[in-house]
Structure formats: structure tokens, C-alpha cells
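Participant: pasting the sequence and the predicted coordinates here, then a few questions.
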Amino acid sequence: MMKYSIFISLSVITFIISVAHAAEVVSSTETFSNTPHIRTLAASCAACHGSNGNALHGNAVLAGMDGDKFTAAMVAFKDGSRPATVMHRHAKGLNVDEINLLAEYFSKQKRVPSQVPQPQTLKSSHEQR
Amino acid sequence: MNNVKRRAFIKNTIKAGFSLGAVSLAPSFLTACAGLNKQNTKTIGRVVVIGGGYAGLTAAKYIRIWSAGSIEVMVIEKSSQFVSCPLSNLVLGGSKSIHDLTFGYDLVQKNHGVTWIKDEVTTIDTTTKKITMKRGEVSYDRLIIAPGIDMMYDTLPNLETAQQEIPHAWKAGWQTVNLRKQLEAMPDGGVFVMNVPRAPYRCPPGPYERASQVASYLKAHKPKSKIIVLDANAEITSKKGLFTKVWVDIYPGMVDYRPNNIIAEVDVKTKTVKTDFETVTASVLNIIPPQRAGKPAQLAGVDNADKRWCEVSFITYESTAVPNIHVIGDAIDSNLPKSAHMATNQARICASAVVELMFNRTPDPAPVFANTCYSFVSDKEAMHVATVYRFDTNKKIMVAAEGGGVSLKPSVQEGDYAQAWAANIWSDVLT
Ligand SMILES: Cc1cc2nc3c(=O)[nH]c(=O)nc-3n(C[C@H](O)[C@H](O)[C@H](O)COP(=O)(O)OP(=O)(O)OC[C@H]3O[C@@H](n4cnc5c(N)ncnc54)[C@H](O)[C@@H]3O)c2cc1C
């Protein structure tokens, strides 16, 4: 119940701030984790986890992932309690604030299947010297 | 609400177990998601991007997204198709065709409202902010130059006109196919000779991956053949222990690696190479010349590091030589590896900074990004080097954060991850 009322009051504050922000600069993309720092960091995951976390080829889909689940996984990669092939290298390089904000960021991304660009026949005129 | 307060607020909300679902209804977020593909009629300025490679395409797409369509973006690209260098060594190994790595530019344009100009830049006037192309002219408010690399032939001038006989295949395309055909035509017992230019060059582990891919093909089809790698560097520049072990374990006796060997002379007809120490004759010869920032960077006069690479701020990627011009990708002077993943990272930091600057806001003062680079050592097995890089406010460069490193050994699982890397980065860059 306590948790619930905090939730309500915070979301009201959030709403007011966002409205204020939107009024200030109509095209601003900022919400909490949607800051330049976090949006660029999150987007750097795209090479393996797809645009906005919508991964292809069986990699973990981060878009819409529960924030607690994301944080727990990253913290476990970071402290080594969860074995990994590659992810421990990334988790160790991030601080806990960044992990929390990434969790929030990805939890808010819509799950939309990423588009797969179709391979083409290379034209005979193609030249790259 | 200032930034510090905002940060504290976020922390507290997370600690309070705040369910974040509600935030997504915030109006500013909705604005951000809506209508990116539509050209916003009220634009606040025009950004021109020269080069539609990994760096340029990424910058173009993300400026459109993060400005919610309010910045007009034009890309000038001379090529009519995108051919991926990553995975192109597999064409030499035989597990990929060049047509698997070739794509169109249409989806980025359609999905994000990017204006496309297929043309070649010939002059850039940085005072009037005008770009001239073979067939037209365009002006910019801010310019992003993402030209990739040019080959330097000043030390080996006869190679420039001999690319049919001795392809570099360091820009994926028909040269890659040509080199593969030469390997197919080589008799069993032939000698494949390749070099590694002195660092910095495009894709540090790339040449060693190439040697491994050629070895994979030769082992299966021409097992009496040999590979000689003439490295201008004192040692293998990336994943050293792993490549050394691969050549001993998977391709025993096939790869002859010779460090500190700078090519001084090439005889095109006989495919003979002279270094300071020795003379080697090849059946198939692959010379990767030293490299510099691509032509557009030279035209704008932003190649101010040794007249070779472009010095930039690692917060905005703005040139230190000319204001309002940003440079990203392989063309910049940095301690970072020249990789496609890096190029996309720099592109997004640059895109974000350009949006902030054009809205009169402050760009992120301390960017962070992650880099993962896979190398295939056979048709199925790969290995990684992965590191997070963080802006160092004292040194003013990106430095490796703790925890980075390489695979313990190559594996089929990582081979699958490497294919996944390609699928995801292609989707992010091209759609
Ligand atoms: C064999 C090989 C394997 C590689 N493997 C990997 C890998 O596994 N992982 C990885 O991360 N990286 C890899 N790389 C490195 C990667 O390819 C480069 O780092 C990446 O392409 C750099 O992107 P860029 O946008 O800076 O340049 P490019 O991708 O080269 O794009 C530059 C673009 O600018 C255009 N251009 C140039 N001049 C003009 C002009 N005057 N007018 C108009 N347009 C112009 C060009 O046509 C080109 O499309 C590999 C490279 C090679 C060669």
C-alpha cells in the first residue's frame, strides 16, 4: 500500500515534469532515462541486441524487458555470479546507475520486430577503390 | 529541473520500486515516437552527411529520431549499394558470397525521412557552407563527414594501377571476389602472401582474420599451400594470443607469420615483394596499403592529424580544425579501433550532440559506449574482443573501462553470436 501511494505521487510528479518539459521544447525526447547519456549508451547495444533492444537472430530481446530482470542479470554478469561468453565484459564496464537507467530505458521500449534488410546481387558497376 | 536533481530523482524512484510503465505515457515520449518518417514541415536546420557507410547511415538515422524529425538530414553517397566489410573475409574462406553482404539504402530513407543524394562530393567550401558534387550543389548548417578511408600509394606507386592483379580487398566489393577467384585458381602447393600495414589502419584484427579464412579454404582444398603474413608491426596488433594459437592448433605449418616487415617494393608481373629483410614471391598476392581519411575529409581540410586522420572532440565529434564540421568513423584520429561497431557508436554520440547543439542544449559531457568485435577463424568458429569505453574528462579521450578483454578460445557458439552481430548491426544501420 505504501509502495502504491509512492507510485501514484511520483507518477503525478513525473507527468507534470514531462508536460513542463514538452512545453519548453516541443521536440525534446527527454524522459527520465531518455537522456543523451543513456539513449546513446543503450543504442550502442544495438549491434547485438537490435534497434531499441529488438534483437534478431535469437539474441536476448531487451525491448520491454522487466527492469528488475534486466538489472538482476547485469549485476550477476558484473559480479561474475552468472557465467557469460561476452556480457560480463560489458556489465563490468558499466556502473550501477547506468545499469538501472538502462533497465528503465529498455523496459519502456516497444517490442516491434526489427526489419531485416534484404541482400541484393552486387551490381557489376559497383566500384570501391 | 536541472540534471543533478533529475539524476537524484531517478535514483530515488528506482529505489522506491517505482513501476516505470507509467512514465511511458509522458507526452514528450509520445512526441518522440510519433511520425518520424514524415518530414516535419518546421525544421530548425539542415545537416548534411557525406558518406553512407556504417558511420554516416547511423548518424543520419539517429538525428532524425532524436530530433523527432525537426532536423532535415541529407546523405550524399557515391555508391549505389552498401557492401559490408564485416564478414567479407568469409567470402575468401568460401562460407559467404559477396551478394549476402550487399544491401540497398532505401529503407533508412523511407523509415526515417532521410533525403538521399547519390553523387560524389568534389569540393567543400567551409566558409559559405556549400558542397559541390559531380552533378549538383547543396548547403548545410552542420556537416558530418563519414568518408571511411582512402588507400595511400605514395610508397608503392605502381600498385595503384595494378589493383586487378593485386587487389587490396580492404573495401568489400568486386576486389573481394577477385581475390577469392585468384585463390580458387591457385594450384595446390601455391603461396599466398599478404601484408599488414603499420597501425593505425581499418579493422585491427581484420588482416589476421583474413589469414585464418584463407587458411580455412586452403586446408580444405589445397593443403600443400602456404600463407606468408608480412606484418609491418612488431607483433600481431589484436587478439594476438588467440590468433597465434589458432594458427598452431587449427592450421599447423600453414601460416608463416613474419613481424617487422615493411614492404619496400612490389614487382607486379612476377608478384615479388621486397622488404628490408627479404624477397618473397607469391602465387597470389594481397597488399593492404597504408590508409588515411577519405577524400571528403581532405577536401574540407579537416585531416589535421599528420595530414592523414581527423582530430575531433570526443564529446561532439566536431573537428578541431573547422567549426560546424563533425567527423566520424574510420577517418578520425583516435586510440579507438577502426571498427564498424565503433563507427556506429561515434555516429550516435555525434548525432546526439548535433541534436543538442542545434536545440541550444548541452551535449552529454561524458559519453560511454560498448564495442564488440568478432573474428572468424574458420567457417563456423569466432572469438571476440569486447570493451566498454568511457570519456576521460582529464585526458579528453575515450578510455577502456575495466572488464574488457578477449575470448578464452574461439568457439562455434561465438560464431553464431558473430552472425547475430551482423544481422543486428545491419538492421540497425540499414532500416
Ligand atoms: C576485411 C574487413 C573486415 C572487417 N570486419 C569487421 C568486423 O567484423 N567488425 C567491425 O566492427 N568492423 C569490421 N571492419 C571494419 C569496418 O568495415 C569499418 O570500420 C567501417 O566500415 C567504417 O565505417 P565508415 O562509415 O567510417 O566507413 P565506410 O563504411 O567505408 O563508409 C564510407 C562511405 O563514404 C562514401 N564516400 C567516400 N567518399 C565519398 C565522396 N567523395 N562522395 C560521396 N560518398 C563518399 C563511400 O562510398 C562509403 O560508402 C572490417 C573491415 C574490413 C576491411
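Facilitator: All right, it came through fine.
Participant: contacts and neighbour counts: CA atoms only from here.
Facilitator: Noted.
Participant: and after the biggest strand by length in chain B, which helix or strand comes next?
Facilitator: Longest strand in chain B, counting residues (DSSP state E): strand B:382-392. Scanning forward in sequence from strand B:382-392 by DSSP states H and E, the next helix or strand is strand B:397-400.
Participant: and that following strand, what does it pack against?
Facilitator: With contacts defined as 3 or more C-alpha pairs under 8 Å, 6 or more residues apart in numbering or on different chains; DSSP states H and E, the packing partners of strand B:397-400 are strand B:382-392.
Participant: and the helix or strand hosting B:Leu183, which residues are buried?
Facilitator: Take DSSP H and E as the rule and B:Leu183 turns out to sit in helix B:174-185. For helix B:174-185, burial by neighbour count (16 or more other C-alpha atoms under 10 Å in any protein chain shown) applies to B:Trp174, B:Gln175, B:Thr176, B:Val177, B:Asn178, B:Leu179, B:Arg180, B:Gln182, B:Leu183, B:Glu184.
Participant: neighbouring strands for the next helix or strand after it, and are they parallel or not?
Facilitator: Using DSSP H and E, the helix or strand that follows helix B:174-185 in sequence is strand B:191-196. Strand B:191-196 has its sheet partners listed here by DSSP bridges as strand B:226-231 (parallel), strand B:284-286 (parallel).
Participant: okay, those in JSON lines with mean pLDDT next?
Facilitator: Output for the strands paired with strand B:191-196, formatted as JSON lines (pLDDT from 0 to 100):
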{"stretch": "strand B:226-231", "mean pLDDT": "98"}
{"stretch": "strand B:284-286", "mean pLDDT": "98"}
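Participant: what's the closest of those strands to B:Lys274?
Facilitator: For B:Lys274, the closest of those is strand B:226-231, at 10.4 Å, according to C-alpha to C-alpha.
Participant: list the buried ones in the closest one?
Facilitator: Here strand B:226-231 shows B:Lys226, B:Ile227, B:Ile228, B:Val229, B:Leu230, B:Asp231 as buried, counting by 16+ other C-alpha under 10 Å.
Participant: tell me which of those is nearest to the ligand?
Facilitator: Within these, the smallest distance to the ligand is 15.0 Å, found for B:Val229 (C-alpha to the nearest ligand atom).
Participant: how close does B:Asp125 get to A:Cys48?
Facilitator: Distance from B:Asp125 to A:Cys48, counting by C-alpha to C-alpha, to the nearest Å: 39 Å.
Participant: okay, those two: which has more neighbours?
Facilitator: Set B:Asp125 next to A:Cys48 and count neighbours by other C-alpha atoms under 10 Å in any protein chain shown: A:Cys48 wins out with 27 against 13.
Participant: mind saving the C-alpha coords of the helix or strand harbouring that one as CSV?
Facilitator: For A:Cys48, the element it lies in under DSSP H and E is helix A:46-49. What follows is helix A:46-49, C-alpha atoms only, in CSV (Å, rounded to 0.1, in the frame of the first residue of the first chain):
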residue,chain,number,x,y,z
ALA,A,46,22.1,-2.4,-30.9
ALA,A,47,24.9,-4.1,-32.7
CYS,A,48,23.9,-7.3,-30.9
HIS,A,49,20.5,-6.5,-29.4
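Participant: pLDDT score assigned to A:Arg89?
Facilitator: Per-residue confidence at A:Arg89 stands at 97 (pLDDT).
Participant: same deal with B:Asn3?
Facilitator: At B:Asn3, the predicted lDDT confidence score is 43.
Participant: A:Gln128 too?
Facilitator: A:Gln128 is given a pLDDT of 81.
Participant: neighbours of the residue nearest to it when sequence neighbours are not counted, how many?
Facilitator: Excluding the flanking residues, the one nearest A:Gln128 by C-alpha to C-alpha, 6 or more residues apart in numbering or on different chains is B:Lys171, at 6.2 Å. If you count neighbours by other C-alpha under 10 Å, B:Lys171 ends up with 22.
Participant: same question, A:Asp79
Facilitator: 12.
Participant: cool, and B:Lys395?
Facilitator: With other C-alpha under 10 Å as criterion, B:Lys395 counts 8.
Participant: and what of B:Gly93?
Facilitator: Neighbour count of B:Gly93, defined by other C-alpha under 10 Å: 25.
Participant: I figured it hits B:Ala220, correct?
Facilitator: No: in terms of C-alpha atoms under 8 Å, B:Gly93 does not count as a neighbour of B:Ala220; the distance is 9.9 Å.
Participant: dump the residue contacts of A:Val112.
Facilitator: Counting by C-alpha atoms under 8 Å, 6 or more residues apart in numbering or on different chains, A:Val112 makes contact with A:Asn54.
Participant: and if we set it to 10 Å?
Facilitator: A:Val112 makes contacts with A:Ser51, A:Asn52, A:Gly53, A:Asn54, A:Ala55, A:Ala63, A:Gly64, as judged by C-alpha atoms under 10 Å, 6 or more residues apart in numbering or on different chains.
Participant: the buried residues of helix B:174-185 also near chain A: which ones?
Facilitator: Residues of those in contact with chain A (C-alpha under 10 Å from any C-alpha of the partner chain): B:Trp174, B:Gln175.
Participant: now tabulate the buried residues of helix B:174-185 in CSV and tack on pLDDT.
Facilitator: Output for these, formatted as CSV (pLDDT from 0 to 100):
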residue, pLDDT
B:Trp174, 98
B:Gln175, 98
B:Thr176, 98
B:Val177, 98
B:Asn178, 98
B:Leu179, 98
B:Arg180, 98
B:Gln182, 98
B:Leu183, 98
B:Glu184, 98
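Participant: wait, which of the buried residues of helix B:174-185 is closest to chain A?
Facilitator: Set against chain A, the nearest of the buried residues of helix B:174-185 by C-alpha to the nearest C-alpha is B:Trp174 (7.3 Å).
Participant: helices of the chain, start to end?
Facilitator: In the absence of a named chain, this looks at chain A. For chain A, the helices defined by DSSP state H occupy A:2-24, A:36-43, A:46-49, A:67-79, A:87-93, A:96-107.
Participant: I was thinking of chain B, sorry if that wasn't clear
Facilitator: B:3-15, B:27-33, B:54-66, B:89-93, B:106-112, B:174-185, B:206-221, B:240-249, B:295-300, B:340-358, B:412-430.
Participant: residue ranges in chain A under the pLDDT threshold?
Facilitator: Residues of chain A meeting the criterion pLDDT under 70: A:1-31.
Participant: 50 - rerun?
Facilitator: Scanning chain A for pLDDT under 50 picks out A:1-30.
Participant: so what's the residue of it found nearest the ligand up against?
Facilitator: Across chain A, the shortest distance to the ligand (C-alpha to the nearest ligand atom) belongs to A:Gln128, at 6.8 Å. Residues near A:Gln128 by C-alpha under 10 Å, 6+ apart: B:Lys78, B:Ser79, B:Val83, B:Asp150, B:Ala169, B:Trp170, B:Lys171, B:Ala172, B:Gly173, B:Trp174, B:Gln175.
Participant: give me the most central residue, the chain.
Facilitator: The chain I'm using is chain A. A:Phe106 (3.4 Å; C-alpha atoms, centre = their mean).
Participant: looking at chain B here, not the other one
Facilitator: With distances taken as C-alpha atoms, centre = their mean, the residue of chain B nearest its centroid is B:Ala340 (3.2 Å).
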